[in-house]
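Trainee: Structure for this input, please:
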Amino acid sequence: MSSITRVARLPALRLSPSPARTRIIASRSFYSRSSLNGAQAAHAEQTSVQEHRSRSILSDIAERRARAGKLVAGVAAASHSDMFKGPQTNKPMAKRWNNHLTSESLSREPCTLKKAAKYLKQPGIVSLCGGLPSSELFPFSDISMTVPMPSTGFAPAGETVSIGKYDVRDKDATYDLSIALNYGQATGSAQMIRFLTEHTEIICQPPYADWGVCQTIGSTGALEEVLRMFCDKDRGDSVLTEAFSFTTALETISPLGVKTFGLPIDEQGLIPEAMDELLSNWDPEARGARRPHLLYTVPSGQNPTGATQGEARRRAIYAVAQKHDVFIIEDEPYYFLQMQPYTGRNEPAAPPPRDVHEFVSSLIPTYVSMDVDGRVVRLDSFSKVTVPGSRLGWIVASDQIVERYQRHAEVASQGPSGFSQVLIHKLLDETWGHEGYLQWLMNLRLEYTKKRDALLAACEDHLPTDILWLNVDYSAHPQAGKKSIEEIEQEIFDACVKSNVLLARGSWFLTEKDKPLKELHFRTTFATAPQKDMDTAIMRFGKALRDSFSR
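Mentor: Numbering: from 1, shown residues only. Presented below is the predicted three-dimensional model:
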């Protein structure tokens, strides 16, 4: 991830033509003191309501579990979010999206053998049907792991927990290796579906009734399947996204034979007015595609620009999507890393949330939370907040979209890894619980904030720049006019590698690669390098820039 604040990650720096000048642009307020006090009071009241709602939902989840008793879900047990959701009284039903789905998606039928699994719960039944291997022959009898407890932060010492092959039978557990390591449903285990459904209630609170979750093999795999559900090159489909977008997403879209169109962005990301204007004046012949009906966006800490869409911005974009009947893919790997603003070197840090309820209330509402039509599919993932190697994520969408996704997954991934599910379930559901997981996310945000601050402090020291995002003023380069922007970018990149620091070139993220590059960008990230190395890395980058600009 790149530098991230509550409003925007700051992965980039704009180099002024005068290399000796350095200053930090602080955000300015357009409120008078009286209006600011009023806004603060309104925000405090809204926060209080949201904190109360968070407590209420967590309490309701605990009560529902107590009433339901032990979850009984054996090998390949079918499950659905409706089994675990709270009441959805007075909520509308989602719209149907047949006119958006591809013929490939609409033609998929349920997997015959997986449908037969519903009979396995019948008492005393002997199955000679599906080829489920005998758990007695699994070579794993027990898995033990030591995990930190959220209340102690990231201390290496923690609690040792274990998962046995027959814990459901012998220890009254709800999940064990005999279930997790066998074949399962494409939606994933009922045990994880329960946790993720409850988590979605806490965070998203979808405003329509027929929503659900389905586990995935991570957001990239989920994106590929969703794109195939909505994009058909034979009918001239295309995708809207930010002018600079996640390279892997662009590389996922391109082989499908559909075009991608980039939308202008500012410090809050995608500009809704620009999206509306583009769609209102769409010329299929000039564009070589019919008007887009799909938007792919990373609302929080957009990759690579770092911009985070505020609540008002998200609502405005959603309204444009409604106006033009656009379906939204909400890709949110960084959602819980919305950070407090950077206050500067040696300045007091912004105070962290008091507890998990204040933490939840501080998060910008998701697109799913404002989706009255069911026109959003949210891609969630454990990659950025637990371990990326789990390849475990989930989608939140209307029942129709979840069901169509499930049909695709049944003959593609066949569902997520049993090892990943049982380990993550043991950690999140049985060891931490919902509040513990939220505490972990809050702690994680604080740790990444420290790394973000170290990177930005190093930028203050070593880069002669106005810091907004890493937009290099190539016009000040001595070869400007003689070399293309791509050539100057390559020269700076090579100089960085020679100086032993690696950054991502902005051109890698350009959505419409057939258009000439108009600006020169680099993306930095604070996620990987140790905090102690930030200063060295930025010093090397600054030297590489100066060397290139002084030739």
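Trainee: How many neighbouring residues does residue 520 have?
Mentor: Neighbour count for residue 520, taken as other C-beta atoms under 10 Å: 22. To be clear about C-beta, it is placed using only N, CA and C from the backbone, and glycine gets the same treatment.
Trainee: May I have stretch 165-174 as PDB, with CA atoms only?
Mentor: C-alpha atoms of stretch 165-174 as PDB (Å, rounded to 0.1, in the frame of the first residue of the first chain):
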ATOM      1  CA  LYS A 165      -9.200 -33.800  12.900                       C
ATOM      2  CA  TYR A 166     -12.300 -34.700  14.900                       C
ATOM      3  CA  ASP A 167     -12.900 -31.700  17.200                       C
ATOM      4  CA  VAL A 168     -16.600 -31.500  16.200                       C
ATOM      5  CA  ARG A 169     -17.100 -35.000  17.400                       C
ATOM      6  CA  ASP A 170     -14.700 -35.100  20.400                       C
ATOM      7  CA  LYS A 171     -14.600 -31.500  21.700                       C
ATOM      8  CA  ASP A 172     -18.000 -30.000  20.800                       C
ATOM      9  CA  ALA A 173     -16.400 -27.700  18.300                       C
ATOM     10  CA  THR A 174     -18.100 -26.400  15.200                       C
END
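Trainee: Next, the buried residues of that stretch.
Mentor: 165, 167, 168, 173, 174 (16 or more other C-beta atoms under 10 Å).
Trainee: Distance from the chain centre to that stretch, please.
Mentor: Computed by C-alpha atoms, centre = their mean, to the nearest Å, the chain-centroid distance of stretch 165-174 equals 34 Å.
Trainee: List of residues touching it?
Mentor: Contact with stretch 165-174 is made by 70-74, 135, 138, 140-142, 164, 175-179, 191, 430, as judged by C-beta atoms under 8 Å, 6 or more residues apart in numbering.
Trainee: let's see it at 10 Å
Mentor: By C-beta atoms under 10 Å, 6 or more residues apart in numbering, the list of residues contacting stretch 165-174 from outside reads 70-74, 135-136, 138, 140-143, 162-164, 175-181, 189-191, 194, 422, 425-426, 429-430.
Trainee: Buried members of those residues into ChimeraX, please.
Mentor: Per 16+ other C-beta under 10 Å, the buried members of the contacts of stretch 165-174 correspond to this ChimeraX selection:
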select :71,73,135,143,163,164,175,176,177,178,179,180,181,189,190,191,194,422,425,426,429,430
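Trainee: In the stretch 151-300 of the chain, where is pLDDT below threshold?
Mentor: Applying pLDDT under 70 to the stretch 151-300 of the chain picks out no residues at all.
Trainee: tell me the helices in the stretch 1-150 of the chain, going along the chain?
Mentor: Applying DSSP state H, counting those that start in this stretch to the stretch 1-150 of the chain gives helices spanning 33-68, 103-106, 112-116.
Trainee: mean pLDDT lowest for which of those helices?
Mentor: Mean pLDDT is lowest for helix 33-68 out of the helices of the stretch 1-150 of the chain, coming in at a mean of 74.
Trainee: Next, find the distance separating residue 123 from residue 71.
Mentor: The gap separating residue 123 from residue 71 is 17 Å, by C-beta to C-beta, to the nearest Å.
Trainee: Correction: the previous question concerned residue 301.
Mentor: 35 Å.
Trainee: Average pLDDT for stretch 71-87, rounded please.
Mentor: Mean per-residue pLDDT for stretch 71-87: 95.
Trainee: ok, which stretches of the stretch 201-350 of the chain are strands?
Mentor: Counting by DSSP state E, counting those that start in this stretch, the stretch 201-350 of the chain has these strands, from start to end: 211-216, 238-242, 259-263, 265-266, 269-270, 294-297, 327-331.
Trainee: Next, the buried residues of stretch 304-313.
Mentor: 304, 305, 306, 307, 308, 309, 310, 313.
Trainee: Turn those into CSV, including distance to residue 231.
Mentor: CSV is the format used below for the buried residues of stretch 304-313 (distance: C-beta to C-beta, whole Å):
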residue, distance to residue 231
304, 23
305, 24
306, 27
307, 25
308, 27
309, 23
310, 29
313, 25
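Trainee: Mind picking the two most distant members of those residues?
Mentor: With C-beta to C-beta as the measure, no two of the buried residues of stretch 304-313 lie farther apart than 304 and 310, at 19.3 Å.
Trainee: For residue 509, find the nearest of the strands of the stretch 201-350 of the chain.
Mentor: Of all those, strand 238-242 sits nearest to residue 509, with 8.9 Å by C-beta to C-beta.
Trainee: about what we covered before: could you dump the strands of the stretch 201-350 of the chain into JSON lines with distance to residue 438 and mean neighbour count added?
Mentor: Formatted as JSON lines, the strands of the stretch 201-350 of the chain follow (distance: least, C-beta to C-beta, whole Å; neighbours: other C-beta atoms under 10 Å):
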{"stretch": "strand 211-216", "distance to residue 438": "17", "mean neighbour count": "28"}
{"stretch": "strand 238-242", "distance to residue 438": "29", "mean neighbour count": "24"}
{"stretch": "strand 259-263", "distance to residue 438": "33", "mean neighbour count": "20"}
{"stretch": "strand 265-266", "distance to residue 438": "30", "mean neighbour count": "16"}
{"stretch": "strand 269-270", "distance to residue 438": "25", "mean neighbour count": "27"}
{"stretch": "strand 294-297", "distance to residue 438": "25", "mean neighbour count": "25"}
{"stretch": "strand 327-331", "distance to residue 438": "20", "mean neighbour count": "25"}
